[in-house]
Every structure is written in C-alpha cells, then in structure tokens.
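Colleague: After the sequence you'll find the predicted model.
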Amino acid sequence: MTFVAIDFETATAYHPCSVGIVTVENGVIVDEYVSLIKPPKNEYSPFTIKVHGIYPRDTINAKSFIQVFPEIKKRLQNKVVVAHNESFDRNVLAKSMAMHQLNYEDLNISSRWECTVKIYKAKGFVPAKLSDCCKRMNIQLNHHEALSDARACAKLYLLR
C-alpha cells in the first residue's frame, strides 16, 4: 500500500495556513512533512483561528504557498492521494495552484482522491468526523494540527 495522506488548515476560505503530508510506502510511514503557510495578506477568519489555533503572528514570517509548493509537488506527484474530507483538501490545493498559475494536471494525480470520510461512512461510522473515527479506531490525534490529521488519515486508510 503506497500513497500520501494530506491535510490543509485554512486561514480563510481556501487559503491554506498549514499543510501536513504523510507518505506511506508498502504500508509503512516513510516521510512526514509539515509547514506553516503565510496566506495572502496574512489574513485570517476568526472562525478558522478558533478551529486550529493558528494566528497571523504564527505565519507572519512563514513561506507563501508558492514557496512551499515544491515540497507539496515532490510528495504528491504521481501518487495516490488520500484525505479525510477529500473534496475540501483537493479544492484548497487546486484553488491555491490556480491562484499562482500552476497547472493541477502537472501533478498527475486523480481528479478525485481517496476519502476516508466516505470509506468510514460506508463502514457504518456515524458520525464519520476524523476525531470520531480516530477515537473508535484507537488512533492518536491532535485534531486540526495538519500533520497529526494527515497521519491519522493515513492510519485510517491503512486500516480500512
């Protein structure tokens, strides 16, 4: 089983302020990457701050999306990509890439990713939020921390 699990935390709408990526090869986690990302104008919604606890002061000197993108591309290109709510994370990536005139097709990844929400809903998990699935499956989680969420998603995908 070889894939990457990804999680974005956002500052506003689809503007990321953090990314976590976990690479799994043959069922074993072999790489973990996390980075804060400075959103455009370093602007945040008060709602998103309440969710993840990342503030503008945390990203004032962080790299921009375009600066972090080579690390994201290196890990995602030509891989199976998994996310807990794949449509959200995929849209964050696609919209951020489009904003910087980067071509999503260059990643050579599926237009739809593997989704652990859908997988666990199909298994009868209600609710199927990441925190609920992790609790049921006894997976450690520091929820809304991008790397912890990506790692938990990878573990859920391995256990499916």
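Modeller: Now that the structure is in, tell me what you want to look at. Numbering: from 1, shown residues only.

Colleague: the strands in the chain, which residues?
Modeller: 3-12, 15-25, 28-36, 81-83, 114-115 (DSSP state E).

Colleague: give me every residue that touches the closest residue to Asp31 other than its chain neighbours.
Modeller: Distances taken as Cβ to Cβ, 6 or more residues apart in numbering place Thr23 nearest to Asp31, at 3.9 Å, with adjacent residues excluded. C-betas here are computed from N, CA, C, even on glycine. Thr23 makes contact with 4, 29-33, 75, 79, according to Cβ atoms under 8 Å, 6 or more residues apart in numbering.

Colleague: try 10 Å
Modeller: 2-6, 29-33, 74-76, 79, 150, 154 (Cβ atoms under 10 Å, 6 or more residues apart in numbering).

Colleague: Spatially nearest residue to Glu71, not counting backbone neighbours?
Modeller: Nearest non-adjacent residue to Glu71, counting by Cβ to Cβ, 6+ apart: Tyr33, 5.9 Å away.

Colleague: quick one: low-confidence parts of the protein?
Modeller: Nowhere does the chain drop to pLDDT under 70.

Colleague: Could you export the strands of the chain as JSON lines, including distance to Asn103?
Modeller: Conversion of the strands of the chain to JSON lines gives the following (distance: least, Cβ to Cβ, whole Å):
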{"stretch": "strand 3-12", "distance to Asn103": "18"}
{"stretch": "strand 15-25", "distance to Asn103": "18"}
{"stretch": "strand 28-36", "distance to Asn103": "22"}
{"stretch": "strand 81-83", "distance to Asn103": "16"}
{"stretch": "strand 114-115", "distance to Asn103": "22"}
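
Colleague: Indicate which one of the ones you listed is closest to Asn108.
Modeller: Between Asn108 and the strands of the chain, the tightest spacing by Cβ to Cβ is seen for strand 81-83, at 10.8 Å.

Colleague: List of residues touching the closest one?
Modeller: Residues from elsewhere that reach strand 81-83 (Cβ under 10 Å, 6+ apart): 3-8, 21-22, 24, 75, 89-90, 92-93, 107, 109-110, 112-117, 119, 130, 149-150, 153-154, 156-158, 160.

Colleague: Surely Asp31 touches Glu25?
Modeller: Yes - assessed by Cβ atoms under 10 Å, Asp31 is found in contact with Glu25 at 8.4 Å.

Colleague: Cheers, nothing more for now.
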